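# Could you work out the structure for the sequence below:
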Amino acid sequence: MDKSFRLPFRPFLVASITLTLFGAGLFALTIFAFTPTVWARWLFFFGGTLGLTGLALPAVWFLNLRFPSEPPAGTNVIVRQAAWVGIFGGLLAWLQQERLASLGIMAGLALGLFVIEYLIRLRERSLWRPPKVAEEPADDEQPA
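Model (predicted):
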């Protein structure tokens, strides 16, 4: 594989801005406009997750550019890793709502999400791809 693989940020720019603005808007709307009912809380977590995912996209793209992997991280991998950041933030907000968030819980949750992503990347790396081999002439065909 080509070690100089560079994925441009342009495909992520619109997604990052859209997710950040939409998520931050939902987040602010639930804080300032709604009473804390069940649906408003779900909207709060959803907006926070979207906002953190949008904020994490540029950072995840840069980290994958700075520390390349084999196989190179594609668009799906970068979006998935940014989504893990958003999910982590949403889970922490949910745990804090019930006063269950502690440093040990945060570290364990981060480690668990890291292990899940590592196993997904390990599976991607281990998928067998047959090597491209030039066709050889058959035994009964002799080159002239």
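# so how many other residues sit close to residue 47?
Residue 47 has 21 neighbouring residues, counting by other CB atoms under 10 Å. Placement of C-beta: from N, CA and C, glycine included.
# Need the single longest helix in the chain, by residues.
Counting residues, the longest helix found in the chain (DSSP state H) is helix 38-66.
# how far is it from where the chain is centred?
Between the centre of helix 38-66 and the centre of its chain there are 9 Å (CA atoms, centre = their mean, to the nearest Å).
# same check, this time on stretch 32-40
Counting by CA atoms, centre = their mean, stretch 32-40 is centred 28 Å from the centre of its parent chain.
# start to end distance for that stretch?
Stretch 32-40 has an end-to-end distance of 11 Å (CA to CA, to the nearest Å).
# buried set for the longest helix of the chain?
When neighbours are counted by 16 or more other CB atoms under 10 Å, the buried residues of helix 38-66 are found to be 43-58, 60-61, 64-65.
# for the chain, what are the low-confidence residue spans?
Applying pLDDT under 70 to the chain picks out residues 1-5, 128, 130-131, 134-144.
# Quick check, central residue of it?
Nearest residue to the geometric centre of the chain (CA atoms, centre = their mean): residue 81, 1.7 Å.
# Surely that one is in contact with residue 62?
No. The criterion here is CB atoms under 8 Å, and residue 81 misses it with residue 62 at 11.6 Å.
# What distance do you get for residue 129 to residue 71?
Distance, residue 129 to residue 71, by CB to CB, to the nearest Å: 9 Å.
# between these two, which one's more packed in?
Legend: neighbour count by other CB under 10 Å for residue 129 and residue 71, higher for residue 71 (14 against 6).
# Give me the phi and psi for the more buried one.
Torsion angles at residue 71 (phi, psi; degrees, to the nearest 10) stand at phi -70, psi 160.
# tally of neighbours for residue 124?
15.
# Residue numbering should commence at 589 henceforth.
Will do, 589 is the new start, and the previous item becomes residue 712.
# Identify the residues contacting residue 672.
By CB atoms under 8 Å, 6 or more residues apart in numbering, the contact list for residue 672 reads 701, 704-705.
# Select from those the one having the most neighbours.
Highest count within the contacts of residue 672 by other CB under 10 Å belongs to residue 701, 16 neighbours.
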